[in-house]
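> Need coordinates for the following:
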Amino acid sequence: MEGTLKYSIVIPVYNEEEVIHETYRRLQNVMDTTGESYELIFVNDGSRDRTAEILKSYCAVDGTVKLIDFARNFGHQVAITAGMDYAGGEAVVVIDADLQDPPELILEMISLWKQGYEVVYAKRIARKGETWFKRTSAQLFYRVLRASTEIDIPVDTGDFRLIDRRVCEEMKRLPEKNRFVRGLVSWVGFRQTAIEYVRDERLAGETKYPLKKMLKLCLDGITSFSHKPLKLAGYAGFLCSAAGFIYMLTVFYQRLFTSHAVPGWSSLMIVQLFFSGFILIMLGAVGEYIGRIYEEAKGRPLYIVRDVVSMRADSAAAPAPARQEYSNVRELASRRR
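Purely as a prediction, here's the structure:
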């Protein structure tokens with residue numbers, strides 16, 4: 001490929017040996033129809049099967065394929081970030097390897113990008129092959145996230161999207177460790193539009209987003225873009241204080257003007273348990289924010305790359321360190337001064 005690289009396709013992979021060949025074939029067929037230069041960047045997020053071995057065999061015979069091999073599993077959102085760091089195209093497309101998101105939609109994304117849109121995201125209008133619980137929890141997740149955050153994150157969207165080179169460069173300037181990529185893309189702004197599609201069922205293998213990871217993703221999204229959970233403590237504290245004051249007046253009234261005996265330990269314990277539970281819940285919310293501050297203050301790199309494999313020597317080079325890492329808060333403060 002000579003001249004400017006047109007498209008970079010970022011594909012995070014984790015234990016995808018059953019589907020990786022079909023993913024590679026379909027992406028190759030789609031991108032060949034563009035008639036323009038492209039690269040396929042597979043980010044191996046610490047796979048324990050033959051995924052990395054298979055991808056290395058593709059790199060040996062196909063100059064469009066690049067493998068970013070992590071030293072261990074750093075997580076799906078970090079793998080996407082690494083792919084963006086290494087991408088060199090004028091437009092960058094993020095797509096998962098499980099083929100639930102059809103690669104053929106990339107052509108429509110490219111068409112909208114050429115019309116002037118800088119972010120084109122795919123919006124799911126239906127999901128095939130998923131259980132009622134999975135569909136319901138996903139819908140609830142997106143709506144709770146949108147209600148909790150202070151930016152407009154589109155509902156029913158994943159990480160399948162195209163972003164312009166300028167958007168990619170702005171993403172590199174965002175240093176947070178607990179990343180929520182789709183939220184960050186919404187936060188940076190620019191001209192954005194959606195294309196609707198029906199999401200297919202997974203071609204092979206198992207989902208890489210069980211309930212535990214979905215909950216973590218939800219927490220990352222809320223804590224990264226909103227402090228409403230902390231505000232909730234103030235609102236709930238006011239309501240509880242008002243309720244306690246009303247209850248106190250009720251007790252005084254019963255004691256002074258009625259023959260009803262004031263309830264003893266039972267009512268006291270109910271009130272005590274209520275307030276204790278509420279305090280513990282809010283301490284947990286505060287702890288989530290403090291834990292994320294701690295992660296940021298440690299200043300560790302976002303990911304560690306074991307190897308970069310590509311036929312092209314220029315592609316194998318490490319990207320410029322656009323994302324600034326600070327070893328501690330004091331260093332950050334001194335740089336700001």
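> For the closest residue to Ala52 other than its chain neighbours, list the residues it contacts.
Nearest residue to Ala52 in three dimensions, chain neighbours excluded: Asn44, at 4.8 Å (Cβ to Cβ, 6 or more residues apart in numbering). For every residue, glycine as well, the C-beta is placed using N, CA and C. Going by Cβ atoms under 8 Å, 6 or more residues apart in numbering, Asn44 touches 13-14, 51-52, 55, 67-70.
> redo that, cut-off 10 Å
The contact partners of Asn44, by Cβ atoms under 10 Å, 6 or more residues apart in numbering, come to 11-16, 20, 51-56, 67-70, 73, 79, 305-307, 309.
> Could you give the number of residues near Thr157?
A count of nearby residues for Thr157, using other Cβ atoms under 10 Å, gives 17.
> Equivalent analysis for Val198, please.
10.
> Surely it forms part of a strand?
Yes - the assignment for Val198 (DSSP: H, G, I helix; E, B strand; the rest coil) places it in a strand.
> Quick one: classify the nearest residue to it once chain neighbours are set aside as helix, strand or coil.
Residue nearest to Val198 in three dimensions, not counting chain neighbours: Ala126, with 4.5 Å by Cβ to Cβ, 6+ apart. Three-state assignment for Ala126 (three-state DSSP): strand.
> was I right about Ala126 contacting Glu196?
Yes - at 9.4 Å, Ala126 counts as touching Glu196 under the criterion of Cβ atoms under 10 Å.
> shaky segments in the stretch 51-200 of the chain?
127-135, 137-138, 142, 148-150 (pLDDT under 70).
> What segments of it are strands?
Along the stretch 51-200 of the chain, counting by DSSP state E, counting those that start in this stretch, strands occupy 65-70, 91-94, 119-127, 157-164, 192-199.
> Direction-wise, compare the third one with strand 157-164 and give the angle.
Computed with axes from the mean of the first three to the mean of the last three Cα atoms, to 10 degrees, the direction of strand 119-127 lies at 150 degrees from that of strand 157-164.
> Please name every helix or strand in contact with strand 119-127.
For strand 119-127, the elements it packs on are strand 91-94, helix 105-114, helix 132-148, strand 157-164, helix 181-188, strand 192-199, judged by 3 or more Cβ pairs under 10 Å, 6 or more residues apart in numbering; DSSP states H and E.
> which one of those has the most crowded surroundings?
Across these, averaging neighbours per residue (mean count of other Cβ atoms under 10 Å) puts strand 91-94 on top, at a mean of 26.
> among the contacts of Asn44, which are in helices?
Counting by DSSP state H, the part of these found in helices is 20, 51-56, 79.
> ok, of the residues you listed, which come out buried?
20, 51-52, 54-56, 79 (16 or more other Cβ atoms under 10 Å).
> Can you add distance to Thr157 and give those back as TSV?
Shown next, in TSV, are these (distance: Cβ to Cβ, whole Å):
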residue	distance to Thr157
Ile20	24
Thr51	26
Ala52	29
Ile54	29
Leu55	27
Lys56	32
Ala79	18
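> where's Gln100 relative to Gly158, distance?
Using Cβ to Cβ, to the nearest Å, one gets 9 Å for the distance from Gln100 to Gly158.
> For the two, list the residues in contact with both.
124, 199.
> Val198 versus the residue nearest to Gln139 when sequence neighbours are not counted, what's the distance?
Nearest residue to Gln139, sequence neighbours excluded (Cβ to Cβ, 6+ apart): Asp156, at 7.3 Å. Distance from Asp156 to Val198, counting by Cβ to Cβ: 12 Å.
> what do you get for Asp32?
25 Å.
> next one: Asp101
11 Å.
> Need the overlap of contacts for the two.
In contact with both Asp101 and Val198: Arg124, using Cβ under 10 Å, 6+ apart.
> Flag every buried residue along stretch 34-51.
36-47, 51.
> can you put those in JSON lines and add distance to Val93 and secondary structure?
Converted to JSON lines, the buried residues of stretch 34-51 look like this (distance: Cβ to Cβ, whole Å; DSSP: H, G, I helix; E, B strand; the rest coil):
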{"residue": "Glu36", "distance to Val93": "13", "secondary structure": "coil"}
{"residue": "Ser37", "distance to Val93": "14", "secondary structure": "coil"}
{"residue": "Tyr38", "distance to Val93": "9", "secondary structure": "strand"}
{"residue": "Glu39", "distance to Val93": "11", "secondary structure": "strand"}
{"residue": "Leu40", "distance to Val93": "10", "secondary structure": "strand"}
{"residue": "Ile41", "distance to Val93": "10", "secondary structure": "strand"}
{"residue": "Phe42", "distance to Val93": "13", "secondary structure": "strand"}
{"residue": "Val43", "distance to Val93": "13", "secondary structure": "strand"}
{"residue": "Asn44", "distance to Val93": "18", "secondary structure": "strand"}
{"residue": "Asp45", "distance to Val93": "18", "secondary structure": "coil"}
{"residue": "Gly46", "distance to Val93": "23", "secondary structure": "coil"}
{"residue": "Ser47", "distance to Val93": "21", "secondary structure": "coil"}
{"residue": "Thr51", "distance to Val93": "20", "secondary structure": "helix"}
